[in-house]
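> Please work out how this folds:
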Amino acid sequence: MEISIIFKIAAVGILVSVINQILKQSGRDEYVFLIGLAGLIMVLYWILPYISDLFEIVNNLFVF
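Residues are numbered from 1 along each chain as shown. Here you go, the predicted structure:
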């Protein structure tokens with residue numbers, strides 16, 4: 001696993017939290033959920049290949 005993916009996930013988390021705070025203070029609470037959802041989808045898109053590899057390894061481990 002690459003270490004850069006961990007830094008990308010942390011950067012997205014920090015960015016989403018800062019944007020959420022700015023939106024909450026400006027009274028745009030309806031967009032906070034959408035920004036959080038967009039960050040979650042972006043991170044899931046990045047880690048999906050790693051999850052797929054994990055399932056393939058586990059499958060190969062238990063198949064004779």
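> Do a quick rundown of the helices in this structure.
Here the chain has its helices, by DSSP state H, at 3-25, 32-62.
> Output those in a markdown table; the columns should cover mean neighbour count and mean pLDDT.
(C-beta placed from N, C-alpha, C; glycine too.) What follows is those, written out as a markdown table (neighbours: other Cβ atoms under 10 Å; pLDDT from 0 to 100):
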| stretch | mean neighbour count | mean pLDDT |
| --- | --- | --- |
| helix 3-25 | 12 | 93 |
| helix 32-62 | 11 | 93 |
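> show me the contacts for the residue nearest the centre of the chain.
With distances taken as Cα atoms, centre = their mean, Val43 lies nearest the centre of the chain, 2.3 Å away. Listed by Cβ atoms under 8 Å, 6 or more residues apart in numbering, the contact set of Val43 reads Ile9, Val12.
> Just give me how far stretch 3-20 sits from the chain centre.
Relative to its chain's centre, stretch 3-20 lies at 8 Å (Cα atoms, centre = their mean, to the nearest Å).
> Identify the residues contacting it?
Residues outside stretch 3-20 that contact it (Cβ under 8 Å, 6+ apart): Val32, Ile35, Gly36, Ala38, Gly39, Met42, Val43, Trp46, Ile47, Tyr50.
> Tell me who's in contact with the fourth one.
It stands for Ala38. Each residue near Ala38 by Cβ under 8 Å, 6+ apart is listed here: Val16.
> That one and Pro49, how far apart?
For Ala38, the distance to Pro49 (Cβ to Cβ, to the nearest Å) stands at 20 Å.
> and of the contacts of stretch 3-20, the nearest to Glu2?
Distance from Glu2 was checked for each of the contacts of stretch 3-20 by Cβ to Cβ. The minimum falls on Tyr50, at 9.2 Å.
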